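[1] Take this sequence and fold it.
(2 chains)
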There are 2 protein chains.
Amino acid sequence: MSTQETTILVGKKPTTSYVIATVMSFNAGAKKVILKARGGAIARAVSTAVMIRDKFLPNQVRISDIKLLTDRVTGQGGKERSVAAIEIVLERA
Amino acid sequence: MSTQETTILVGKKPTTSYVIATVMSFNAGAKKVILKARGGAIARAVSTAVMIRDKFLPNQVRISDIKLLTDRVTGQGGKERSVAAIEIVLERA
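    Numbers count the residues shown, from 1 in each chain, chains lettered A, B, ... in the order given. Below you'll find the predicted structure:
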């Protein structure tokens, strides 16, 4: 039942929720966990990543890639606007 | 009067303030602009970086490095706590 790669969408929940989800994914056998976030949630994705690396799984997990993107989203009224997004790849060392 | 490298601390102002500061630094001759932010301001630093790369200076500036860090800060009452931080390096292509 183990998955090699898990993607976690970081949204409006407290950072600890995403930290727990990430730790659980690694404990379930994931080799790679990808944190994705947009807009204001970007700070939470970064906090999650550094807490995992520096506090919860030190020397076990490293940040192997970080991508910054522009996403197009359709807001209320069908207007398209662009929003910044981040993808952080955490990998078992 | 040109500086090779500029560091911009991204805080609580609107993202556009930091976009303008970055564009002005490059126009003043900077080869490298480093955006630094902590906590909730991380999202603004990421937004600034992607707006520069994708919208304001496309094909002229690239993101050459991104570091995620844990900073120790002393809060009210002298208590130490850790906060996530980011450093984004923008470089003239």
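
[2] Any idea how many residues pack against residue A:65?
    Close neighbours of residue A:65, defined as other Cβ atoms under 10 Å in any protein chain shown, add up to 12. Where C-beta positions appear, they are placed from N, C-alpha and C, glycine not excepted.

[3] Over to residue A:54?
    Count around residue A:54 with other Cβ under 10 Å applied: 15.

[4] per-residue confidence for it?
    The model reports residue A:54 with a pLDDT of 95.

[5] check contacts around it.
    The neighbourhood of residue A:54, defined by Cβ atoms under 8 Å, 6 or more residues apart in numbering or on different chains, consists of B:70, B:82.

[6] what does residue A:59 give?
    By Cβ under 8 Å, 6+ apart, the neighbours of residue A:59 are residue A:93.

[7] how about it, secondary structure?
    coil (DSSP: H, G, I helix; E, B strand; the rest coil).

[8] Next, it: phi, psi?
    phi 60, psi 0 (degrees, to the nearest 10).

[9] now residue A:61: how far from residue B:67?
    According to Cβ to Cβ, to the nearest Å, residue A:61 and residue B:67 sit 16 Å apart.

[10] I meant to write residue A:29 there.
    Relative to residue B:67, and taking Cβ to Cβ, residue A:29 is found at 29 Å.

[11] Where does the prediction get shaky in chain A?
    Chain A contains residues with pLDDT under 70 at A:1-3.

[12] Give the residue farthest from the middle of it.
    Distance from the C-alpha centroid of chain A peaks at residue A:77, with 29.2 Å (Cα atoms, centre = their mean).

[13] And for residue A:83, the neighbour number?
    17.

[14] The residue farthest from the centre of chain A: what secondary structure?
    Per three-state DSSP, residue A:77 ends up helix.

[15] any idea which element the residue nearest to the spatial centre of chain A lies in?
    Most central in chain A under Cα atoms, centre = their mean is residue A:35, positioned 1.5 Å from the mean C-alpha point. If you go by DSSP states H and E, residue A:35 is part of strand A:32-38.
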